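> Provided below are the primary sequence and the corresponding predicted coordinates.
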Amino acid sequence: MADDAPFWKTKSLADMTDGEWESLCDGCGRCCLVKLEDEDDGAIHYTDIGCRLLDGEACRCRDYANRTARVDDCVRLTAQNLADLTWLPPTCAYRLVAAGHDLYWWHPLVSHDPESVHAAGVSVRARVSADEDALPEEQLGDHIVSWPGKWPKGAKAAMAPARPPVRPKKRIGVP
Ligand code: SF4
Ligand code: SF4
């Protein structure tokens, strides 16, 4: 490995500094969508409903420092619990690095552009249909979607396409 190789290629998740760990988050916001657990088989289903602290445009938490105090079921991701969080999206940088993969062209650490995760269609921008507080709990099941568990077209290419994919104008969050 070259001396100038980036930290996510040379360090294990457990050995990263706090700053490196935080910078590894691509800012997609997918993990901050409300999820439902099937009582019968324990399967986790994503919805297109945002956590009450999720900023759907920035795709970031509005109170990251106090997130677990303010939202009971907010899970603080660590190197130790990562393997248990099987519902994390396939695009999640922590999942990728833990599995020995490199980051993709749209990750801000690679592109040096925080907008690239949105341009690639990886983030939840323009796809969050409501805030969880704006919706009766019994309606959450009507908002189950499959896209947070999938790769957007073109995002898995190793290199950036000549032109970034155009984000669809219509919401595509249908199961
Ligand atoms: S899914 Fe992973 S990369 Fe995306 S916001 Fe959550 S922790 Fe960050
Ligand atoms: S409280 Fe947790 S789940 Fe909710 S937006 Fe913040 S980090 Fe995401």
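Structure's in. What do you need? Residues are numbered from 1 along each chain as shown. Ligands and ions are numbered 1, 2, ... in the order given.
> Determine whether any part of stretch 18-29 lies close to ligand 2.
No - Stretch 18-29 does not reach ligand 2 (CB under 6 Å from any ligand atom); its nearest approach is 7.4 Å. To be clear about C-beta, it is placed using only N, CA and C from the backbone, and glycine gets the same treatment.
> State the mean pLDDT of that stretch.
Confidence over stretch 18-29, taken as the mean pLDDT, stands at 98.
> now swap in stretch 79-90 and tell me
For stretch 79-90, the per-residue pLDDT values average out at 97.
> That one close to ligand 2?
No - using CB under 6 Å from any ligand atom, stretch 79-90 stays clear of ligand 2, with a minimum separation of 12.0 Å.
> Identify each buried residue in that stretch, please.
In terms of neighbour count (16 or more other CB atoms under 10 Å), stretch 79-90 has its buried residues at 82, 87, 88, 89.
> Near residue 72, how many other residues are there?
Other residues near residue 72 number 6, with proximity taken as other CB atoms under 10 Å.
> Could you tell me how far it is located from residue 24?
25 Å (CB to CB, to the nearest Å).
> Tell me the residues on this protein that lie near ligand 1, please.
By CB under 6 Å from any ligand atom, the part of the chain that sits against ligand 1 consists of 25-31, 77, 88-89, 92-94.
> In a markdown table, list these along with secondary structure.
Shown next, in a markdown table, are those (DSSP: H, G, I helix; E, B strand; the rest coil):
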| residue | secondary structure |
| --- | --- |
| 25 | coil |
| 26 | coil |
| 27 | coil |
| 28 | coil |
| 29 | coil |
| 30 | helix |
| 31 | helix |
| 77 | coil |
| 88 | coil |
| 89 | coil |
| 92 | coil |
| 93 | helix |
| 94 | helix |
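> Can you pull the poorly scored residue ranges out of this protein?
Judged by pLDDT under 70, the chain has its weakly predicted residues at 1-2, 158-175.
> So which residue is smack in the middle of it?
By CA atoms, centre = their mean, the mean C-alpha position of the chain lies nearest to residue 30, the distance being 3.6 Å.
> Could you pull up the contacting residues of it?
Applying CB atoms under 8 Å, 6 or more residues apart in numbering, we find residue 30 in contact with 46, 89, 91, 92, 122, 123, 124, 148.
> Nearest residue to the third one in space, please, no chain neighbours.
Counting by CB to CB, 6 or more residues apart in numbering, the nearest residue to residue 91 once its immediate chain neighbours are dropped is residue 122, at 5.2 Å.
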